[in-house]
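S.K.: Sequence first, then the predicted structure, then my questions.
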Amino acid sequence: MLKLSRYVLYDILRNKIVIAYTLFLFLVSFSMFRMEENGSKALLSLLNIVLIVLPLVSLVFTTIHYYNSYEFIELMLSQPLSRTRIILSEYGAVCVSLLTAFWLGVGVPVLLFAPDATGFALLFTGSSLTVVFTSIAFLAAVRSKDKARGIGLALLLWFYFALIYDGLVLMILFAFSDYPMEKFTLLLSALNPIDLGRIFIMLKMDISALMGYTGALYKDFFGSGTGVAFTSGIMLLWAAVPLWLSVRSFRRKDM
């Protein structure tokens with residue numbers, strides 16, 4: 001499996017889109033740190049890039065790569081290789097390539113200008129979101145044989161997680177505003193990796209006082225070892241479950 005993953009990874013790393021993505025992240029990150037004297041303000045600006053651009057690129061690039069590799073996958077299926085090995089090799093190569101782009105584009109500037117707890121929280125969240133949405137993209141691509149439908153589904157998923165979900169949460173909180181919703185809000189954040197990452201990073205920036213009692217509750221929870229373990233565990237589930245479902249679907253799929 002490692003040999004197959006290395007071959008796919010080498011092919012992806014030469015992709016102009018991956019190179020452009022790396023340069024874009026690096027130029028934006030470096031520019032923000034150079035323009036802002038306060039590293040926290042630069043990290044806050046980078047937060048929008050991490051929460052919006054990373055999931056979008058991970059979903060779209062992974063989906064397109066899967067469909068463009070369809071003939072190669074069919075060729076591998078004619079070899080004495082298991083389907084699980086093939087799909088995991090593809091997944092591993094895409095994950096490593098996108099994580100490499102993120103760490104070169106965002107990780108290097110953050111480690112140079114803001115090597116503190118907030119900076120490491122940003123890198124952890126960005127890496128987690130990359131892995132999570134790569135898994136979700138593989139599930140969407142494997143379940144949809146038509147390329148246009150698969151890409152459309154990936155865009156719809158991004159639209160839901162990045163925009164629609166927040167609106168639904170606000171509607172729920174407004175409808176039940178007379179009830180104590182702090183702990184329930186914590187549960188709602190676990191249902192969206194983008195929201196969970198946003199809360200995790202913002203509380204590392206010591207702005208929980210602006211969020212009132214809810215912010216104090218989040219600060220006590222996410223500032224502890226339990227909160228870090230909770231965030232890591234939920235992100236792991238968001239990565240593992242879609243990947244498991246995509247492997248299961250691929251093994252049963254009629255190519």
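M.R.: Looks like it came in fine.

S.K.: so who does the residue sitting nearest the centre point of the chain touch?
M.R.: Geometric centre of the chain, nearest residue: L129, 1.7 Å, by Cα atoms, centre = their mean. L129 makes contact with V50, L51, L54, P55, S58, P193, I194, G197, according to Cβ atoms under 8 Å, 6 or more residues apart in numbering. All C-beta spots, glycine's among them, are computed from the backbone N, C-alpha and C.

S.K.: Those: which two are farthest apart?
M.R.: S58 and G197 (12.9 Å; Cβ to Cβ).

S.K.: Apart from its chain neighbours, what residue comes closest to the residue nearest to the centre of the chain?
M.R.: In space, L129 comes closest to L54 once its chain neighbours are excluded; the distance is 5.1 Å by Cβ to Cβ, 6 or more residues apart in numbering.

S.K.: show me what contacts that neighbour?
M.R.: F102, G126, L129, T130, F133.

S.K.: make it 10 Å
M.R.: 21, 25, 98, 101-102, 106, 125-130, 132-133, 194, 197 (Cβ atoms under 10 Å, 6 or more residues apart in numbering).

S.K.: Check A114 too.
M.R.: F33, N38, G39, S40, A42, L43, L46, F120, L122, L123.

S.K.: Model confidence for it, exactly?
M.R.: Note for A114: predicted pLDDT of 80.

S.K.: Next: A141.
M.R.: pLDDT at A141 comes out at 89.

S.K.: Distance check, L111 against G119.
M.R.: Going from L111 to G119 by Cβ to Cβ, to the nearest Å gives 7 Å.

S.K.: which of these two has more neighbours?
M.R.: G119 (24 against 13; other Cβ atoms under 10 Å).

S.K.: just checking, that one touches L46?
M.R.: Yes. Using Cβ atoms under 10 Å, G119 is in contact with L46, at 9.3 Å.

S.K.: All set now, cheers.
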